[in-house]
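Enquirer: Can you look at this prediction? I've put the sequence above it.
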Amino acid sequence: MTALPMQSIKGLIDKVDFAGKSFISINDMSNDQLLNMFELARNLELFNRDKIDLFPGAQAALLFFQPSTRTRMSFQTAMTRLGGAVISEANPQVTSSAAKEESLNDMIRCVAQYCNVLVLRHYDDVEAREAAKYSSTPVINGGWGHWEHPTQALLDLYTLWRKFGTIEGKKVVIAAADLIEARTGHSMAYGLARLGADVTLASPKASKVPEEVTKRIREELKIDIKEEFDFNKQTFNELISDQDLVYLPGCSAPAGATAEAFKKIMDDYFVQHETLDAAREKGHMIYVTHTLPRRAGEMDLAIDDTPNQLAFEAILHSVSIRMALLASILGN
Ligand code: CP
C-alpha cells in the first residue's frame, strides 16, 4: 500500500462524520461510520510504527481507574503517532485528587479543560456515564464497569474486517464462563450483529449476556442472535467446528476468587487446537481471538503458533483503529 496524500486522509476523516462526538457505546456510530472508519484505519496502518502530523497541538487525557496495558498504551501510541500529546493518570485513586474524595463529575469537568479528547476507564458504568455529561470535550469509553468496552470491540471488528474484507455472513461465537460481566462481549455482540455476522453467544445459562443487550439486538435492531448454554469441552468444540471466529472476551476481575471460578468454568469452553487443525486440514480456517489479558489455563497456548491465532494481530490493528477513532473525533 502507498501512503495517501494528507488531503485524501483528511477526506476520509470527513467521511466518517464524527467530529466532536463522544464514543461511549459501539452504538454511537452508524454502520456506515464504522465501515468508513475501518477504511480510514487501513490507510493509517502505514503510520502505526511511524508518525503522521495530523494533529500537532492536540492533547488526549487518559484517566484509568482500573488496570490496563493495551487500551491505555495503544491510545497513548495512537495519539502520539497522530502528532498529538498525551497526559495520563494510570492510578488516579492514589495519585490524583480522587484520593481526596473528589467526585468523578468534578474531575472530568476539570480534566476536560486540559485536553481535546478524554479517554476514561472506570469500574462503575453508571458513575462514568453520568460524569461524561460534565465533559466539555469528547469522551471515549475505555471500558466501563460490566457494561461496554467499545474500542476493544472496534479493534476486533476491524481485525475481522481486515482478514475477510467483510463481516457480513461470518459465523462468530462469543464464549465465556461469564457473559454478564463481559463488557467487551456486549460491545462485540452489538457490532457483529449490526454488521451482518451470524452470532452465537455461548456461556453457562446462569451467566448469559444481560437481556438489555439481547433484547436491544432482537427487538430494537430486529436482528437475530443465537444463545446456547451449558457446554462441556466436547460439545463446545463441536459448536466451533464450523465457525469463522471464536471470540473469547476473558475476565476483567483482578486475581482472586472470581478469576479462579472463571478459569474453572473455562475448562468447558476450552478451544482445542486439534479442532482447529482438523478444520484447517479440510480447508476451513477457524480464527480464535482473545481480548487479553488471558490467564494461565484459559486458552490452549499451542494455538499461538498456528495461523488460527488473531489475538496478537489484533494488537497491531488496535493502534491504527484507535488512530482512526481519535482522528474522526478530532476532525479537521
Ligand atoms: N483488552 C484490554 O482491555 O486490555 P487492557 O485491560 O490491558 O487494556
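Expert: Here it is on my side, so go on. Because the structure is a prediction, the values reported are computed rather than measured.
Enquirer: what does the lowest-mean-pLDDT helix or strand in the chain contact?
Expert: Least confident helix or strand, the chain: helix 257-266 with a mean of 90, by mean pLDDT, DSSP states H and E. Contact with helix 257-266 is made by 176-178, 204, 251, 253, 295-298, as judged by Cβ atoms under 8 Å, 6 or more residues apart in numbering. From N, CA and C alone the C-beta is placed, and that goes for glycine too.
Enquirer: again, but for stretch 52-59
Expert: If you take Cβ under 8 Å, 6+ apart as the criterion, stretch 52-59 is touched by 6, 9-10, 13, 44, 79, 81-87, 114-117, 326-327, 330.
Enquirer: If you count neighbours, what's buried in that stretch?
Expert: 52, 54-55, 58-59 (16 or more other Cβ atoms under 10 Å).
Enquirer: wait, which of the residues you listed is closest to the ligand?
Expert: Nearest to the ligand among these is Gln59, at 20.7 Å by Cβ to the nearest ligand atom.
Enquirer: got the residues of the stretch 1-150 of the chain near the ligand?
Expert: When proximity is defined by Cβ under 6 Å from any ligand atom, the stretch 1-150 of the chain lies next to the ligand at 68-71, 143.
Enquirer: How is the residue nearest to Ser103 when sequence neighbours are not counted assigned, secondary-structure-wise?
Expert: Spatial nearest neighbour of Ser103, chain neighbours left out: Ala131 (7.9 Å); criterion: Cβ to Cβ, 6 or more residues apart in numbering. Secondary structure, DSSP: H, G, I helix; E, B strand; the rest coil: Ala131 is helix.
Enquirer: Return the distance of Ala131 relative to the ligand.
Expert: To the ligand, Ala131 is 20 Å away according to Cβ to the nearest ligand atom, to the nearest Å.
Enquirer: Please shift the residue numbers so they start at 25 in all later answers.
Expert: Let's use 25 as the start, then, which means that last one is Ala155.
Enquirer: wait, what's in contact with that residue?
Expert: Going by Cβ under 8 Å, 6+ apart, Ala155 touches 127-129, 131-132, 144, 146.
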